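1. below: sequence and its predicted model.
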Amino acid sequence: MRIVLNKDTMKIEKEQDVVPFRNRVKEYAVKIGMSVVNQTKLITAASELVRNMLKYANGGITVIEVISEGRNSGIRLTFVDKGPGIKDIALAMKDGFSTGKSLGLGLPGAKRLVNEFEIKSSVGEGTTVSIIKWKNG
Amino acid sequence: MDRIPILRMGKFLLVTIQIDLYDRLATNLETDLVYMVNKTGAKGVLIDISALSIVDSFMGRILGNIGSMARIMDAETVVVGMQPAVAITLVELGLELKGVHTALNVEKGMELLRNKIKDLDYEEEDEIEANEDSTE
Ligand SMILES: Nc1ncnc2c1ncn2[C@@H]1O[C@H](COP(=O)(O)OP(=O)(O)OP(=O)(O)O)[C@@H](O)[C@H]1O
Ligand SMILES: [Mg+2]
């Protein structure tokens, strides 16, 4: 069973919110004793997702949670926006696909960097991405 | 602070990034460096990122852009001091730092730049010789 030990939310409205958000994620990752490599992977994934939120949806809300399951603990991050949504999620998840004339690395790269990755989106309503990085995993 | 200092050392420009960069700071660095390469005719750019705990695709793209633009102006770029965790993460993210060389630390980076420039000098000499041959 997954238990939420701590929950924190942060609004992302502008580019200047990215670094403080990353720092907050880092604080929690350090607090649960996550290794530096896992911290770096988690924060990099978070940075990609928060950038997407800013770029395509003009910002949104992030939720930072410390969760535990049995003896393992981890960080769950959720990114909620009310932007245009994604028409074809499978396509958006492909390496190199971008409507923003960019590298198209953010979504597939973020998925590779974490243990669990979930994306839901509906056109005209918005997008929610949720990721988990376990301390041991 | 909204600008990162760029030091000039002979034929090289040196930049030490000391904090995790805000986007605008990174974009400014890109423009400033390209301007400085142009103005000073520098042959090499060395960027020390040992203080960066995160390089995401945005920062990676900035570094790549600096490398490509410097190269157009006949300068080589070397990124030094990348933390191991950052290197591991970049590979998994799928980001290649195209257009820049990498080295372990500042000394190794300077050595690499010096060698690159030496190679270039030879190539230029070869070209001159080749031209002389053809006019004979
Ligand atoms: N929050 C979002 N809202 C709407 N569309 C999105 C959102 N996130 C991603 N997308 C869409 O999915 C595509 C792929 O996203 P991804 O992050 O993989 O690449 P990118 O942002 O285009 O490029 P990169 O992240 O490499 O700079 C985007 O081009 C965009 O069309
Ligand atoms: Mg992206």
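-> That came through, no problem. Ligands and ions are numbered 1, 2, ... in the order given.

2. drop to CA atoms for contacts and neighbour counts, all remaining ones
-> Noted.

3. the chain: helices as residue ranges?
-> By default, I'm working from chain A. For chain A, the helices defined by DSSP state H cover A:18-31, A:36-57, A:89-92, A:106-113.

4. you looked at the wrong chain, it should be chain B
-> Using DSSP H, the helices found in chain B span residues B:23-40, B:57-72, B:84-93, B:106-135.

5. okay, now the closest residue to chain A within chain B: neighbour count?
-> With CA to the nearest CA, the shortest gap between chain B and chain A falls at residue B:93, namely 4.2 Å. For residue B:93, the neighbour count with other CA atoms under 10 Å in any protein chain shown is 25.

6. could you pull up the residues touching residue B:56?
-> Contact analysis of residue B:56 by CA atoms under 8 Å, 6 or more residues apart in numbering or on different chains lists A:44, A:45, A:47, A:48, B:90.

7. ok, those vs residue B:26, which is closest?
-> Using CA to CA, residue A:47 is the member of these that lies nearest residue B:26, at 15.0 Å.

8. from what I can see that closest one touches residue A:22, true?
-> Yes. If you go by CA atoms under 8 Å, residue A:47 and residue A:22 touch, sitting 6.8 Å apart.

9. for residue B:69, which non-adjacent residue is closest in space?
-> Distances taken as CA to CA, 6 or more residues apart in numbering or on different chains put residue B:34 closest to residue B:69, at 6.7 Å, once the chain neighbours are dropped.

10. ok, now residue B:101?
-> residue B:78 (4.5 Å).

11. how about the contacts made by the most centrally placed residue in chain A?
-> Computing the C-alpha centroid of chain A and ranking residues by CA atoms, centre = their mean puts residue A:46 first, at 4.1 Å. Counting by CA under 8 Å, 6+ apart, residue A:46 makes contact with A:22, A:77, A:110.
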